[in-house]
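> quick one, structure for this:
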Amino acid sequence: MVKKKTPALRSQSWFGRQDIYGFIYRGWVKNRGVPQDQFDGRPVIGICNTWSELTPCNTHFARSPSTCGTACSRRAGSRWNSR
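Model prediction:
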């Protein structure tokens with residue numbers, strides 16, 4: 001039986017590069033306060049939120065990103081907040 005090769009994570013193909021582009025990608029994220037140890041191959045999970053005080057139709061989204069982020073950090077070990 002032939003084992004399937006697991007595909008590389010898309011985040012690893014960005015942040016794991018050892019060329020100028022990898023340096024730039026890591027630099028952008030490090031500028032937001034993410035430490036170096038977060039680039040050890042863990043998946044990067046992005047959570048987009050459309051909540052705003054100006055749009056009352058999306059008020060139920062106010063707590064969703066923090067709940068999703070907590071679950072992601074428990075499983076994957078990294079969580080980045082963007083405001």
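> restricting to C-alpha, output the helix or strand hosting S13 in CSV.
Using DSSP states H and E, S13 falls within helix 10-15. In CSV, the C-alpha atoms belonging to helix 10-15 read as follows (Å, rounded to 0.1, in the frame of the first residue of the first chain):
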residue,chain,number,x,y,z
ARG,A,10,0.2,27.1,2.5
SER,A,11,1.4,29.2,5.4
GLN,A,12,4.6,27.3,5.5
SER,A,13,5.1,28.0,1.8
TRP,A,14,5.0,31.7,2.7
PHE,A,15,6.7,32.0,6.0
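> state the mean pLDDT of that helix.
The pLDDT scores in helix 10-15 average 84.
> what's in contact with it?
Outside of helix 10-15, the residues within contact range by Cβ atoms under 8 Å, 6 or more residues apart in numbering are 22, 25-26, 29, 39, 41-44. For glycine as for every other residue, the C-beta is placed from the backbone atoms N, C-alpha and C.
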